[in-house]
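> dropping a prediction and its sequence here:
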Amino acid sequence: MSEPTQIGLGESRGGSAPSLNLLTDQTDLSTAADWFALLKPRVMTLVVFTGWIGLAVAPGHLHPVLAFTAILCIAVAAGASGAINMWYDRDIDSVMRRTQNRPIPAGRIAPGEALGYGITLAAFAVVVMALATNVVAAAVLAFSILFYVFVYTMWLKRRTPQNIVIGGAAGAFPPVIGWAAVTGGFDMMPLLMFAIVFFWTPPHFWSLSLFAHADYARAGVPMLPVVAGARHTRVQVVLYTLLLVPLTLVPWAMGLAGMVYGLAALVLGLGFIVCAVRVLRDSQDPQGISLTGDAPARAAFKYSILYLFVLFASLAVDRFVG
Amino acid sequence: MVDAPEMLPPLSRDESRAIGRRRRGRNWLMFATLIALVGLFYAITLVKISQGTMKF
């Protein structure tokens, strides 16, 4: 585990009184907030929300205590995946401006301790999910953790610009897990929710990478703007948004969701298409680099978060109102 | 000859206090987490027993 960094016994540097300095290691530099930051709480918010919607719209009833436990397990599993991801990506995190103050690259938490923390939390989440709900939900939860760690983090992220397309599946599992926690199985609706999050991920992340590509380039991460250029990325943002919007209407068209959801999906989808087209038509130089500081891409990124929240919330509203 | 281990200067009083503060923060977090877990497992057990789904 962590290496000792300070061993001292005797006169302190700051005063005349002798002080006994016990063995201190790297862990002593960390605060409780650092350990919480390892769980990527901002990413966790969306995961918890979509997981809760999967649980809320599923047919059947789960006792509130067990429902809370299921959501907690989804949150902890997402956090555990984030901690393991930070352990593996500590080398590139240290060169990216956005991530260099994370607890591991900043030297406040030892890499091995972060890994142990992540594995422990992941095991805890899967076991408690199985005990509180059912084995199917626990198995999907375990698969989502393994997918995020091995397929996205270790395999795809540094190898292909399609990293977030395939890796995005990891973030699409929570509504399926929530549904399985209630029903013990799958159906068309959770698969559609999975597909919606899956197709939402590329325009969301590529909007981000359009204005954060310098960081990715410095770290050697082959995000689409780094490998194929900003112009190509803008086209891809529009194409995936055009795929996403009709897909979000399928639950309503199949009668799996009502008018509240259908209307929300249509209005929100049109808004997303407008944002994506603005990204495409942003003032650019011949290389496709924005001349507006990527203002449309920033707006599209923010809108995409609001879009998913409101879209999934409308599913729950539809279930309880309809 | 084996080199003597490098001795680092001792911590100042402020550094020691800062480390103590961080340790206490982590310990309180651990305490709260453990208490919450006890409560959670107690609640899960009660629900499972009341639903008759607890297998002994």
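That came through, no problem. Numbering: from 1, shown residues only, chains lettered A, B, ... in the order given.
> residues contacting the nearest residue to residue A:76 once chain neighbours are set aside?
Taking CB to CB, 6 or more residues apart in numbering or on different chains, and ignoring the residues beside it in sequence, residue A:76 has residue A:125 as its nearest neighbour in space, at 4.2 Å. Using the backbone N, CA and C atoms, a C-beta is placed for each residue, glycine as well. Residue A:125 makes contact with A:73, A:74, A:76, A:77, A:80, A:141, A:145, according to CB atoms under 8 Å, 6 or more residues apart in numbering or on different chains.
> where does chain B have low pLDDT?
Counting by pLDDT under 70, chain B contains low-confidence residues at B:1-8, B:54-56.
> quick revisit: what's the spacing between the residue nearest to residue A:76 and residue A:138?
With distances taken as CB to CB, to the nearest Å, residue A:125 is found 9 Å from residue A:138.
> need the helices for the stretch 151-300 of chain A, in chain order.
Assigned by DSSP state H, counting those that start in this stretch, the stretch 151-300 of chain A shows helices spanning A:163-183, A:188-219, A:224-227, A:230-253, A:259-280, A:295-321.
> okay, those helices, which one's buried deepest?
Most buried of these, by mean neighbour count (mean count of other CB atoms under 10 Å in any protein chain shown): helix A:163-183, with a mean of 24.
> what residue is smack in the middle of chain A?
Central residue check for chain A by CA atoms, centre = their mean: the C-alpha nearest the mean position is that of residue A:43, 4.1 Å away.
> got the CA positions of the host helix or strand of that residue in CSV?
In this structure, residue A:43 sits in helix A:41-57 according to DSSP states H and E. Backbone C-alpha positions of helix A:41-57 (Å, rounded to 0.1, in the frame of the first residue of the first chain) are rendered in CSV as follows:
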residue,chain,number,x,y,z
PRO,A,41,-20.2,12.2,-7.7
ARG,A,42,-21.3,14.3,-10.7
VAL,A,43,-21.4,11.3,-13.0
MET,A,44,-23.2,9.4,-10.2
THR,A,45,-26.1,11.9,-10.2
LEU,A,46,-27.2,11.0,-13.7
VAL,A,47,-26.7,7.2,-13.1
VAL,A,48,-28.7,7.3,-9.9
PHE,A,49,-31.5,9.3,-11.6
THR,A,50,-31.9,7.0,-14.6
GLY,A,51,-31.6,3.9,-12.3
TRP,A,52,-34.4,5.4,-10.1
ILE,A,53,-36.6,6.0,-13.2
GLY,A,54,-36.1,2.4,-14.3
LEU,A,55,-37.2,1.3,-10.9
ALA,A,56,-40.1,3.7,-10.8
VAL,A,57,-41.6,2.8,-14.2
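> distance of residue A:92 relative to chain B?
Summarising the geometry, the distance separating residue A:92 from chain B, computed by CB to the nearest CB, to the nearest Å, is 27 Å.
> ok so, going back, okay, the residue nearest to the centre of chain A: pLDDT?
Note on residue A:43: pLDDT of 85.
> correct me if wrong: it contacts residue A:78.
Yes: with contact defined as CB atoms under 8 Å, residue A:43 and residue A:78 form a contacting pair (6.6 Å).
> so who does residue A:183 touch?
A:58, A:59, A:60.
> which of those sits closest to residue A:299?
Taking CB to CB as the measure, residue A:58 is the one of the contacts of residue A:183 closest to residue A:299, at 33.9 Å.
> what is the neighbour count of the closest one?
Other residues near residue A:58 number 22, with proximity taken as other CB atoms under 10 Å in any protein chain shown.
> repeat for residue A:66
Residue A:66, neighbours per other CB under 10 Å, totals 23.
> looking at the helices of the stretch 151-300 of chain A, which is closest to residue A:100?
Each of those was checked against residue A:100 via CB to CB, and the shortest separation belongs to helix A:188-219, namely 9.4 Å.
> between the closest one and helix A:295-321, how many degrees?
Using axes from the mean of the first three to the mean of the last three CA atoms, to 10 degrees, one finds that helix A:188-219 and helix A:295-321 are set 160 degrees apart in direction.
> which helices and strands does helix A:188-219 pack with?
Under the contact definition 3 or more CB pairs under 8 Å, 6 or more residues apart in numbering or on different chains; DSSP states H and E, helix A:188-219 sits against helix A:41-57, helix A:163-183, helix A:224-227, helix A:230-253, helix A:259-280, helix A:295-321.
> which of those helices sits closest to residue B:23?
Nearest to residue B:23 among the helices and strands packed on helix A:188-219 is helix A:41-57; the distance by CB to CB comes to 22.4 Å.
> residues of chain B that sit close to chain A?
B:7-16, B:19, B:22-23, B:25-26, B:28-29, B:40, B:43-44, B:46-47, B:51 (CB under 8 Å from any CB of the partner chain).
> which of these fall in helices?
Assignment to helices by DSSP state H places the following of these there: B:13-16, B:19, B:22-23, B:25-26, B:28-29, B:40, B:43-44, B:46-47, B:51.
> now the buried members of the residues you listed.
For these, a burial check counting by 16 or more other CB atoms under 10 Å in any protein chain shown picks out B:15, B:16, B:19, B:22, B:25, B:26, B:40, B:43, B:44, B:47.
> check what pLDDT the nearest residue to the fifth one once chain neighbours are set aside gets.
The spatial neighbour of residue B:25 that comes closest, neighbours along the chain excluded (CB to CB, 6+ apart), is residue A:32 at 4.5 Å. The confidence metric pLDDT takes the value 88 at residue A:32.
> before we move on, back to that, which of the helices and strands packed on helix A:188-219 comes out lowest on mean pLDDT?
Comparing mean pLDDT across the helices and strands packed on helix A:188-219, the weakest is helix A:224-227, with a mean of 88.
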